[in-house]
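Peer 1: pasted the sequence and its predicted model underneath.
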Amino acid sequence: QVQLVESGGGLVQAGGSLRLSCAASGSIVSINNMGWYRQAPGKQRELVAGITSGGSTNYADSVKDRFTISRDNAKNTVYLEMNNLKPEDTAVYYCQIRGRTIPGLALNDYWGQGTQVTVSS
């Protein structure tokens, strides 16, 4: 079993900052890509930011220059630093990892339970 535990969501005023964390535990033996997605009411889940095992990052255009994704491989943890938050950033944020529980077997995707981020105007 693989567990992803998210933390750091909450209510913040526009222009404020939040830092999300997601720690993977359990039987995971290796992690490739890690990412953050979000889903606003009535909208599809969208990729916010991703980071490869080598540290390469990619961002949705709407969050570039405001959000920063990072990872701590020793802790199996991915972070999302969110600055200059806007009301349109309001959503449930989910972390996702792609990894293996047995060396050499196929990669699987694992998801966190989601954490609410609400930005007031």
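Peer 2: That came in fine, so what should we check first?
Peer 1: from here on, contacts and neighbour counts on C-alpha atoms
Peer 2: Noted.
Peer 1: centre of the chain to stretch 20-39, how far?
Peer 2: What separates the centre of stretch 20-39 from the centre of its chain is 7 Å, taken as Cα atoms, centre = their mean, to the nearest Å.
Peer 1: just checking, residue 87 touches residue 119?
Peer 2: Yes. Contact criterion Cα atoms under 8 Å: residue 87 and residue 119 qualify, at 4.7 Å.
Peer 1: for the two, indicate the residue with more neighbours.
Peer 2: Looking at residue 87 and residue 119 with other Cα atoms under 10 Å, you find the greater number of neighbours at residue 119, namely 20 against 15.
Peer 1: so the more buried one belongs to a strand, correct?
Peer 2: Yes. Under DSSP: H, G, I helix; E, B strand; the rest coil, residue 119 sits within a strand.
Peer 1: list the buried residues of stretch 91-105.
Peer 2: 91-101 (16 or more other Cα atoms under 10 Å).
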